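Enquirer: Here is my input; please provide its structure:
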Amino acid sequence: TWSLSGLGALSNLSGTSVQYDAPASVASSVSAMVTATSVADTTKFATATITINPPPLAISTTTLPDGMVGTPYSQDIQATGGVAPFTWVVGAGTLLPHNLNLDNSTTSTVTISGTPDTQQTAVQFTIQVTDSANQSATQSYTVTIKNPPTLTIATSSVPPGTINVAYPSFSFLAAGGTSPFTWSETGALPSGLNFASNGTLSGTPTVTGSFPITVTVKDSGVQTSTKTFTIVVYAASTVLSGRYVFQFQGFNASGAFAAVGSFNADGFGTISDAVLDRNSVGGPPTSNLALTGTYSFDANNLGTMTLSGPQGIATFRFTLTANAPNGISAGGKIIEFDNIKSGTGFIAAQNTTGFSMSTITGEYVFNLAGSTMSLGRAAAVGRLTANGSGGVFSSGVMDMNQAGVVPAKATFTGTYTVSAAATNGRGTATLNITLGGTAVTLNFTFYLQKIIQNQVVLVILSNDPVSGTQQLLSGSMEPQILGSSLTGSLMMVTTGLTSTGLPDVSAGVVTITSSGNYSLTADENSGGTITSINNVAGTYILDPNGRVTLTSTGGNRVLYLSRSNTGYLVGTDGNVSTGTVFTWAAPFSLHGTLSVSTGAPVAANQENDFGKLTFSGTNSGIVTGTVNVGSATTFQPNTSVMGTYTTPDSNGRGTLSFTSGPHTGTSVFYLAGRSQLVLLDSISTGDMAPVVFSGACIHFVGSPKGGIFCQ
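Expert: Predicted coordinates:
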């Protein structure tokens, strides 16, 4: 018989043997006694001593990261095994990096923490841990304390402000160094602005100008950084600042007049380094005329500009397109109203990096319009190839309509040059062409505007003296990026001049029905004679170079494509209609506020207008707004208009009935897409000098349901 005293258990019992099973765990060393009793002997026993060994102690954290002066440091070191509690110490003969300390942990984790205040390289030290079973473990470490990155001011510029308008929220940014940072400023802050110690600029500026300031940032250590900035405060939220090209087309007492030029605006009302080239039916051309000028804005951001030169002072009104984030406009619409001449044109920012001949390269299309002294209106469209720095035009093809006479597909060559020293993008060109069997040399001045796919856009004016046969022509030349053949639907807008000197305007939709065939739906006001064209069939021929002939009972036209479904056209009729085509695409919508303006006038009695119209319904409803009306003698700023408009049909055509304003009566509009329209003003027979407005949404916003809509 077997028995046990102490901890444990017996198993595998037999008559003469037994197995003793020790317990899984015990708190300390213990003994157990096994006794065997038999009939013959009751005194046999054996004693087993059970020894408990603690788990081996080790430090599992083998490396520590480097630290940085001035940046709080906190790293844990972990022990494994052993028996708590633990004692942690820095190994004899070693020191932690300066200002770092080991905490008083009695657990298996200890923390080294502190804020290093001295740069040290490869500091070597050991950490030792001892447990309650008197086991110990040691681990060696190497830590470098680095200086923080050099403190700099990361801000490159500050946004402009607008006088008497709260400054946009803005804070300066630091890079490197050790936070927290303290900011300060010296210099002449614009009155009304405040600079806080956290680097925030705020307030409402009360003066305009350019204000240099010096900003300093200090970190929590010893580093400082200083940088200079210029705070600009403009007179309006959208301003002219930088170099701009302008083009103007209109009439003076002698007849048609056109001008191109370039100027530099300082953002505060001063125009400098201005140059003008002009030509007219009633006088000799003027080249490279130096000008100075000023400009200002009223409460509605409508601008007034004066340009002064040896021949007098010209006064303009202008409105600018929506501003970029820096407040500087890409350009806008301009009209003149100074009793000397009337007309309209545009201002556009120039890309000064493109002021070289090398940017005039590749394929181009152009449109030119104007008149002669005795033959009347003239216009031309065409294409050419430019070879860049070589200054040569080749493969030129032109269709020119001069009072109804159209030498088709006249070929030409030419040359061009841009001075390497030109700071205004001005250049000259010569075209050699044969028109109706007569060799003709056409000379032009141009200004380089913007870059499109590494090619520059040109704004053009003829500089030959206007005569009975020599034309006054102005227009533009842009890169030709040919795509697929004509497809879908195109918006077409034209302007011409009747034989009695009255404007002829039209707008409509060309729908490609099959290869070589199209239909035309349009509205036309020809000096008060109203014509509606509905799905008139026509044919077209598309040449490989982008030249298209359009033939129908609604009129024959020649079109040169600049890209797929977009280009310039000229009619072959006696009205010498010119215009553009561009992509027309559903879905249509008309809602929100649109900027509207008239195109270049073809008659002296046409108005030159621009303004804003707000369409408050969903594709039909009430329209309100203001229009600035210019004529040869007067200017009517911010004239209120009101009316109603109808839902457009499947062609995007709708009607707008003005009940107040300068053009009461019914007008027709065509939508070219989402809140983008052309407005034929008007389809009332009493309107003998109609004009065409173009309009586009001023501001699109995201819709909660997805997509965007015009606000």
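
Enquirer: From here on, just use CA atoms for contacts and neighbour counts.
Expert: Fine.

Enquirer: low-scoring stretches of the stretch 1-150 of the chain, by residue?
Expert: Residue ranges of the stretch 1-150 of the chain with pLDDT under 70: 27.

Enquirer: mind listing the strands in it by residue range?
Expert: Assignment of strands within the stretch 1-150 of the chain using DSSP state E, counting those that start in this stretch yields the ranges 2-6, 9-11, 19-21, 30-36, 44-50, 58-59, 67-68, 73-80, 87-90, 100-102, 109-114, 120-130, 136-146.

Enquirer: what's the spacing between the second one and its chain's center?
Expert: To tie it back to what came earlier, the one meant is strand 9-11. Relative to its chain's centre, strand 9-11 lies at 87 Å (C-alpha atoms, centre = their mean, to the nearest Å).

Enquirer: Listing partners with orientation, what would you give for it?
Expert: In the sheet, strand 9-11 lines up against strand 19-21 (antiparallel) (DSSP bridges).

Enquirer: Same check on the first one?
Expert: Strands adjacent to strand 2-6 in the sheet, as given by DSSP bridges, are strand 30-36 (antiparallel).

Enquirer: orientation of the strand it pairs with relative to strand 44-50 in degrees?
Expert: Interaxial angle of strand 30-36 relative to strand 44-50 (axes from the mean of the first three to the mean of the last three C-alpha atoms, to 10 degrees): 160 degrees.

Enquirer: Buried residues, strand 30-36. List them.
Expert: Across strand 30-36, burial judged by 16 or more other C-alpha atoms under 10 Å covers Ala32, Met33, Val34, Ala36.

Enquirer: Hmm, Ser3 and the first one touching each other?
Expert: Right, Ala32. No. When contacts are counted by C-alpha atoms under 8 Å, Ala32 is not listed as touching Ser3 (10.7 Å).

Enquirer: Can you name the residues that contact Ser660?
Expert: Residues near Ser660 by C-alpha atoms under 8 Å, 6 or more residues apart in numbering: Ser640, Val641, Met642, Gly643.

Enquirer: quick one, what contacts the first one?
Expert: The one in question is Ser640. Listed by C-alpha under 8 Å, 6+ apart, the contact set of Ser640 reads Thr624, Gly625, Thr626, Val627, Ser660, Gly661.

Enquirer: wait, what's in contact with the last one?
Expert: So the one you mean is Gly661. Taking C-alpha under 8 Å, 6+ apart as the test, what Gly661 contacts is Thr639, Ser640, Val641, Met642.

Enquirer: The same query, at a cut-off of 6 Å, please.
Expert: Going by C-alpha atoms under 6 Å, 6 or more residues apart in numbering, Gly661 touches Ser640, Val641.

Enquirer: Tell me the backbone dihedrals of it, please.
Expert: Note on Gly661: backbone dihedrals following degrees, to the nearest 10 are phi 120, psi -170.

Enquirer: just the fourth one next, same as before
Expert: When quoted as degrees, to the nearest 10, the phi and psi of Val627 stand at phi -130, psi 140.

Enquirer: so what pLDDT did it get?
Expert: pLDDT for Val627: 86.

Enquirer: how many neighbours does the residue lying closest to it once chain neighbours are set aside have?
Expert: Counting by C-alpha to C-alpha, 6 or more residues apart in numbering, Val627 lies nearest to Gly611, which is 4.2 Å off, once chain neighbours are set aside. By other C-alpha atoms under 10 Å, the residues close to Gly611 number 22.

Enquirer: Using CSV, list the CA coordinates for the host helix or strand of Gly611.
Expert: Under the criterion of DSSP states H and E, Gly611 resides in strand 608-615. C-alpha atoms of strand 608-615 as CSV (Å, rounded to 0.1, in the frame of the first residue of the first chain):
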residue,chain,number,x,y,z
ASN,A,608,-21.1,97.7,-76.8
ASP,A,609,-22.4,96.2,-73.6
PHE,A,610,-21.4,94.0,-70.8
GLY,A,611,-23.0,93.0,-67.5
LYS,A,612,-24.5,90.3,-65.4
LEU,A,613,-27.8,88.4,-65.6
THR,A,614,-29.3,86.2,-62.9
PHE,A,615,-31.6,83.4,-64.0
